Each structure stands twice: as structure tokens, then as C-alpha cells.
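Participant: kindly return the folded structure for what I paste below:
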Amino acid sequence: MRFLGFLAAFSTAAATFAPSASSAQAQRAAAPSVGPTLSLADAIAIARRSNPGFQTSQNARRTANAAYRSTMGALLPSLNSSFGGEYREGRQQIVSGQTFGSGNSTLGTSGSLSAGYTVALGAFAERRAQRANLDATDADISAAEQNLRSQIVNQYITVLQDQAAALLQDTLLVTTSNQLELAKAKLQVGTG
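Facilitator: Reported below is the predicted structural model:
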């Protein structure tokens, strides 16, 4: 009789520990569905496109570059040209018996081309200042990118740690559940 009780307890414990088709289906149904995996490189790329602070740094680069190019344009020489033409029809007019005007038509043209180079002394200093501003803006962008990367890596690692902890808790729950079933089986048999 004792042997039959032991056999019943052993079969109950084996059924508890052995994965059955119904328990595997129940675990799959209880497990949340997992979407596509986001890699660290993808997370950083999305953050670079979406982070307003980083985008502000990128816009500052455009502004600084435009200011630098403007100061470079102030150092260029100026070139001016003009062209003109005139035509006067020769027609005499009679006013109060007097003849005015010429009987000949005239055609005239004029043109000019001039070049000049005027530079204020402050233009060279302004150019150096704008170049330094552009370099500082590039350094700000680099710092913002490193800061953003650091934040994303930290968050990514935290998520991976949380996922590992959740998986561990799930495993511990299954183990505890199996131990409970084994204890119940031993109690039914009368051993333990």
C-alpha cells in the first residue's frame, strides 16, 4: 500500500516538473507578446533624430555657419558694371513760327565697369571671432551628442537589467510553484 502511495506521489511530481503540452500552451498564452527588438545603435539613431536638445544644437551649427560665411563675404572685392543706351528721334517742332530741334536722329550708348576692395580693420577680427564661434558650436554639438549617447546607453542597460530581473522572477515563480506541488503530493502520500 505504501508503494502505491509513493508511486502516486512520484507520478504527480513528474507531471509537475515535466513540461506538458497544456502547461506550455498556458505559459505561451500568459507570456506577453514581444515586438521587434530595438538595438542600441537604432535607439541612438532615433534619439538623434527626435531629441529636441540635440536638434537645437544642430540648428545652432547652421546659424553659426551662416554668420561665418557672412563675415567671409565681407572680405570679397566688389565689382560694379553698368550699361546704358539712348535714342533720340530727330524731328523739328514749330512753336509760334520758330523751329526747334534737330533734323537728325541720334543714338548714344554708355557703359562702365569698376572694381573696388574696401575692408574695415575689424573685418579680420570679426572673421576670427565667427570662426571661433563656429568651432565652439561644433564642440557643443559633440558634447550634446556624447551626453545623448550616454543617456541612451544607460537607459538601454537599465531596460536589459529589468528584463533579466523579470525573467529571473518568472523562473523563481515556476520553481516555487513546482515545489508547492511537490509538497502537496508528499502531503497526500503522507511522507514529508
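Participant: how many other residues sit next to Phe54?
Facilitator: 18 (other Cβ atoms under 10 Å). C-betas here are computed from N, CA, C, even on glycine.
Participant: and Gly111, that one's in a strand?
Facilitator: Yes. Membership of Gly111 in a strand is supported by DSSP: H, G, I helix; E, B strand; the rest coil.
Participant: I'd guessed it sits against Asn80; true?
Facilitator: No. Gly111 is not in contact with Asn80 according to Cβ atoms under 8 Å; the separation is 11.6 Å.
Participant: give me the number of residues near Ala74?
Facilitator: 14.
Participant: what about the nearest residue to it once chain neighbours are set aside, neighbour count?
Facilitator: Leaving aside its sequence neighbours, Ala74 sits nearest to Ala123 (Cβ to Cβ, 6 or more residues apart in numbering; 5.1 Å). By other Cβ under 10 Å, 14 other residues sit near Ala123.
Participant: flag the shaky bits of this structure, pLDDT-wise.
Facilitator: Residue ranges of the chain with pLDDT under 70: 1-35, 191-192.
Participant: the strands in it, which residues?
Facilitator: Here the chain has its strands, by DSSP state E, at 78-88, 93-95, 98-100, 106-116.
Participant: could those strands go into CSV alongside distance to Arg48 and mean neighbour count?
Facilitator: As requested, those are exported to CSV (distance: least, Cβ to Cβ, whole Å; neighbours: other Cβ atoms under 10 Å):
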stretch, distance to Arg48, mean neighbour count
strand 78-88, 42, 9
strand 93-95, 78, 8
strand 98-100, 79, 8
strand 106-116, 46, 9
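Participant: export those strands as JSON lines, with columns for distance to Gln188.
Facilitator: Conversion of those to JSON lines gives the following (distance: least, Cβ to Cβ, whole Å):
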{"stretch": "strand 78-88", "distance to Gln188": "104"}
{"stretch": "strand 93-95", "distance to Gln188": "135"}
{"stretch": "strand 98-100", "distance to Gln188": "137"}
{"stretch": "strand 106-116", "distance to Gln188": "108"}
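Participant: to Lys186, which of those strands lies closest?
Facilitator: With respect to Lys186, and counting by Cβ to Cβ, the nearest of these is strand 78-88 at 101.0 Å.
Participant: other SSEs contacting that closest one?
Facilitator: Secondary-structure packing of strand 78-88 (3 or more Cβ pairs under 8 Å, 6 or more residues apart in numbering; DSSP states H and E): strand 106-116.
Participant: contacting residues around the strand it packs on?
Facilitator: 77-88, 90 (Cβ atoms under 8 Å, 6 or more residues apart in numbering).
Participant: on that earlier part again, and the strands of the chain: which comes nearest Asn178?
Facilitator: Taking these one by one with Cβ to Cβ, strand 78-88 is closest: 88.9 Å.
Participant: mind listing what the residue nearest to Ala74 touches?
Facilitator: Neighbour list for Ala123: Thr71, Ala74, Leu75 [criterion: Cβ under 8 Å, 6+ apart].
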